[in-house]
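# Just a sequence and a predicted model for now, questions to come.
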Amino acid sequence: MLKIALIGYGQMGKLIEQLAPQYDCKIVAIIDPLLGNSITSDSVAEADVCLEFSTPDAAFENVKKLVELGKDVVTGTTGWFDNLDKIKIMVEKEGTGFIYGSNFSIGMNLFFSILESTAKLMNKTEEYDLFGLEMHHNKKKDSPSGTAKVLSDIILKNIDRKTIAQYEKLDRKVEQNEFHFASIRSGDIPGMHSISFDSAADTIELKHTARNRAGLALGAIKAAKWINNKTGFYNFSGSLNEIIG
């Protein structure tokens, strides 16, 4: 049975706690400032893997401490990935296992692959312009989401006529080389992401809609079981075939 420490006890942490026993996992520690505790060698001593789902401003320090303690780590917190290079150096130095992702939904990661294939097909079809849209609950703390940035990166890498992503409101005409991705935050929406290819004749839309957060929690648990006793720095999307295999 895999022993897991939860770092962050928000909606994702609670859902992972709920699902863990179904997948032969045991939660041995829950670390959250609201619970009055912190990451120490004692508080995570029993854990085989630490699942970090906290906040963008806390994630880097959380992961840093866990790696320094020699723990394998899964993190799904977004909004701090500018510091990933620093974590990669630490992971290699400490000989631990680390896996991160902007979205741990297996369905969303399949969607990434679908979009990549579609973008390559559409690259030479200049009659089509394209745009992105995402919708999330009003408690989400980053905008655009990490998932939106991954989707935009896929477009920019595979559509030659798009060279820059714009996430902000534009008080001007959008330029032909700009890929406009809009974000909405409201209510309890678990998550919706769409990419549309629009021409004078028709519109092609690729869309992923999460019904709930269970898919994210399941993906994180699968990632934790996969990273246990591994060494190295991994991306969830890039490792998906092995994780689900």
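Here it is on my side, so go on.

# got a list of contacts for the worst-scoring helix or strand of the chain on mean pLDDT?
For the chain, counting by mean pLDDT, DSSP states H and E, helix 240-244 ranks last in confidence among helices and strands (a mean of 90). Helix 240-244 is contacted by residues I106, N109, L110, G219, K222, A223, W226, F236 when judged by C-beta atoms under 8 Å, 6 or more residues apart in numbering. The way it works is simple: take the backbone N, C-alpha and C, and place the C-beta from them, glycine included.

# Quickly note the distance from the nearest residue to L156 once chain neighbours are set aside to N123.
Distance criterion C-beta to C-beta, 6 or more residues apart in numbering; nearest residue to L156, sequence neighbours excluded, is K162 at 5.8 Å. From K162 across to N123, the span is 10 Å (C-beta to C-beta, to the nearest Å).

# Which one of those two is surrounded by more residues?
The residue with more neighbours, out of K162 and N123, is K162; 21 against 15, by other C-beta atoms under 10 Å.

# how would you label that one: helix, strand or coil?
Secondary structure state of K162, per DSSP: H, G, I helix; E, B strand; the rest coil, is coil.

# which residues touch it?
Contacts of K162 by C-beta under 8 Å, 6+ apart are L130, I155, L156, N177, E178, F179.

# just T78 next, same as before
Counting by C-beta under 8 Å, 6+ apart, T78 has contacts P56, S102, D142, S145, G146, T147.

# So which of these are in helices?
Those of the contacts of T78 mapping onto helices are P56, G146, T147, per DSSP state H.

# Next up, the contacts around the closest residue to the last one other than its chain neighbours.
Nearest residue to T147, sequence neighbours excluded (C-beta to C-beta, 6+ apart): N103, at 4.3 Å. Residues in contact with N103 (C-beta under 8 Å, 6+ apart) are G76, N109, S145, G146, T147, V150, L216, F236.

# Going by distance to L6, which of those residues wins?
G76 (11.6 Å; C-beta to C-beta).

# where does that closest one fall, phi/psi-wise?
In this entry, G76 is assigned phi and psi values of phi -120, psi 10 (degrees, to the nearest 10).

# Does it touch I221 like I think?
No. Here G76 does not reach I221: they are 11.1 Å apart, not a contact under C-beta atoms under 8 Å.

# Quick check: neighbours shared by the two?
In contact with both G76 and I221: L51, using C-beta under 8 Å, 6+ apart.

# what's the distance between A165 and E175?
12 Å.

# sorry, back to before: filter the contacts of K162 down to the buried ones and hand me the PyMOL line.
A single PyMOL command suffices to select whichever of the contacts of K162 are buried according to 16 or more other C-beta atoms under 10 Å:
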select buried, resi 130+155+156+178+179
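
# Quick check on A165 and E175: which one has the bigger neighbour count.
Shown here are A165 and E175; by other C-beta under 10 Å, A165 has more neighbours (18 against 13).

# List the buried residues in stretch 6-17.
L6, I7, G8, Y9, M12, G13, K14, L15, I16, E17.

# Confidence-wise, which of the contacts of N103 comes last?
Ranked by pLDDT, those bottom out at G146 (87).

# Count the residues that sit near that one.
19.

# Would you confirm that it contacts S102?
Yes. With contacts counted by C-beta under 8 Å, G146 reaches S102, the gap being 3.2 Å.

# Pull up the overlap in contacts between those two.
T78, F81.

# what stretches of the chain score poorly on pLDDT?
By pLDDT under 70, the chain contains no weakly predicted segment.

# Domain map for it?
2-104+213-244, 106-209 (automatic domain parsing).

# Could you look over the ones you listed and pick the most buried one?
domain 2-104+213-244 (a mean of 19; mean count of other C-beta atoms under 10 Å).

# Of the contacts of T78, which is the nearest to P21?
Using C-beta to C-beta, these come closest to P21 at S102, 27.1 Å.
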